[in-house]
Structure formats: structure tokens, C-alpha cells
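Participant: Quick one, structure for this:
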Amino acid sequence: MHWQMQTWNKVHVMAAVYEMGFHVLHSDTDTTWFADPYPYFKRLVLDAPVHATFSTDSLETRNKKGAIELEHNTNAHVNINTGIYFVKQYPEGNAFFKTWRQIQALDLGHDQDGLNTLVRGQFFRGDKKYPRALMKGTYVEYVVGHTHQVMDHPLYEVHWVWSGGTMESKQQLMRETKLFWDPPHYYGVDDQNLQLVTIGPLWRPKLVTIGPLWRPKHLQLVTIGPLWWPK
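Facilitator: Predicted coordinates for the structure are as follows:
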């Protein structure tokens with residue numbers, strides 16, 4: 001698929017830049033940065049025994065409130081997301097990129113599938129033909145909603161990931177944070193009989209069940225709209 005090839009092209013470009021001797025920070029185009037991440041990466045990666053950090057698809061954090069740390073909620077069962085990652089210069093760095101790129105020939109999917117196969121081994125999709133997790137470490141986590149406000153964590157970026165099967169799903173996430181441009185009538189400016197209904201961050205201290213699904217402890221933003229509601 002053309003889209004899968006494009007994702008692998010990103011890895012080839014990042015590897016070429018890395019080979020020049022630079023640390024590399026990859027950020028998908030559907031990412032918005034709200035603060036300079038350099039102090040974060042310098043303290044927790046460049047000045048620490050960490051080679052690389054990757055975002056994950058986890059929807060909760062196990063870090064303490066107010067703690068600026070790498071994410072504690074990681075293991076071989078947590079899916080890595082290659083939308084955002086930082087790799088610093090280290091002796092085996094070029095070999096890491098080379099091995100990741102070689103997985104493309106296995107035709108397992110896009111670049112993210114390749115990295116998850118490399119890092120998580122048979123824990124990725126339960127494929128027993130691969131060894132157990134090949135790498136250990138902590139991955140930077142991105143979360144949904146307003147977790148950073150609830151947990152008093154600094155917000156560096158938001159990756160507008162898919163929450164549905166269309167582009168509108170990304171736009172809706174942006175609307176929830178009022179970062180997507182819409183004409184005034186969308187917000188009821190031209191119609192005094194309508195108002196935009198929103199729900200702020202919620203804190204749930206216990207696990208709750210919704211049908212067969214388990215929701216994590218930290219429910220951030222419940223989306224039921226935006227809804228038009230008569231005044």
C-alpha cells in the first residue's frame with residue numbers, strides 16, 4: 001500500500017539524518033507542540049542512561065501527580081506508537097535503525113508494526129514465531145483528553161490519533177481543545193437560541209465497566225458532542 005510505504009520512508013529519512021551524527025526527534029504532521037521539549041529530553045534522555053523514547057497507545061498514566069518523568073506504565077503488552085519518538089546518538093544507534101528498516105522486507109505492515117515486532121517480539125499480536133521482548137525500557141506516553149490537567153503534568157504535545165475511521169475523527173479531537181478552525185455559526189455565535197455543550201475533565205477513582213470494556217482509572221474527557229442544545 002502507498003500509505004504503508006510512506007510510513008517506512010519516514011524511517012529511512014530519520015536514519016539518514018541520524019547517520020550524520022544528529023540526535024533525531026520524529027513528529028508526525030498530525031502533532032501539535034505546545035512547549036519546547038528540549039529540557040525534557042535533555043534531563044530524561046540525553047543526560048540519562050536512555051537511548052530512545054517512543055510514545056505509546058496507552059490511555060492512562062501511572063506516574064504520580066506533578067511528577068515529570070518517563071512513563072511508568074509500560075511493558076511488553078503496551079503498543080508503541082511511532083508518531084513521536086526521540087533517539088539520541090549512542091554506539092548501537094545506527095544498528096538499531098538498520099534492523100528496524102530491514103523488517104520492512106517482511107511485509108508486516110507499516111513502520112509502527114515493524115518497530116513493535118522488533119521491540120515487543122511475540123507479545124505483539126501474539127505471534128509465537130518471534131522471540132519474547134527484545135528490548136527493555138520506558139516509552140514516553142501520550143494520553144487522551146485532559147490528563148495533564150488532572151495529574152498536573154506539563155503538556156508538551158498532542159498527537160491527534162485516529163479515534164474513528166475518517167478524517168473528521170481527528171478534527172473532532174481538535175474541536176474538543178478548541179484548536180480546530182470552524183466558522184462562527186458552529187459555536188452558536190450567529191444563533192442565540194443554541195449553545196455549545198461541553199464536559200470538562202473527569203476523575204474516576206475506580207475502574208468502571210461499560211459493556212464488555214474496561215475503562216482505565218483516569219477518564220479524561222467524555223465526548224458527547226459538540227451538541228446543539230436549545231437554551
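Participant: Report the separation between residue 152 and residue 168.
Facilitator: Distance of residue 152 to residue 168, computed by Cβ to Cβ, to the nearest Å: 32 Å. C-beta: built from backbone N, CA, C; applies to glycine.
Participant: whoops, I mixed them up, residue 158
Facilitator: Taken as Cβ to Cβ, the span from residue 158 to residue 168 is 17 Å.
Participant: likewise residue 97?
Facilitator: As judged by Cβ to Cβ, residue 97 and residue 168 stand 35 Å apart.
Participant: Let me know the average pLDDT across stretch 51-65.
Facilitator: Mean pLDDT, stretch 51-65: 85.
Participant: again with stretch 160-167
Facilitator: Computed over stretch 160-167, the average pLDDT equals 71.
Participant: First-to-last residue distance for it?
Facilitator: 10 Å (Cα to Cα, to the nearest Å).
Participant: In terms of secondary structure, what does the longest strand seen in the chain contact?
Facilitator: Determined from DSSP state E, the single longest strand within the chain is strand 80-87. Applying 3 or more Cβ pairs under 8 Å, 6 or more residues apart in numbering; DSSP states H and E, one finds that strand 80-87 contacts helix 2-19, strand 24-27, strand 52-56, helix 93-102, helix 111-120, strand 157-159.
Participant: Tell me where this protein is predicted with low confidence.
Facilitator: Applying pLDDT under 70 to the chain flags the ranges 1, 130-146, 163-165, 176-178, 180-181, 184-231.
Participant: Let me see the contact set for residue 162.
Facilitator: 169, 170 (Cβ atoms under 8 Å, 6 or more residues apart in numbering).
Participant: Could you grab the helix/strand/coil label for it?
Facilitator: coil (DSSP: H, G, I helix; E, B strand; the rest coil).
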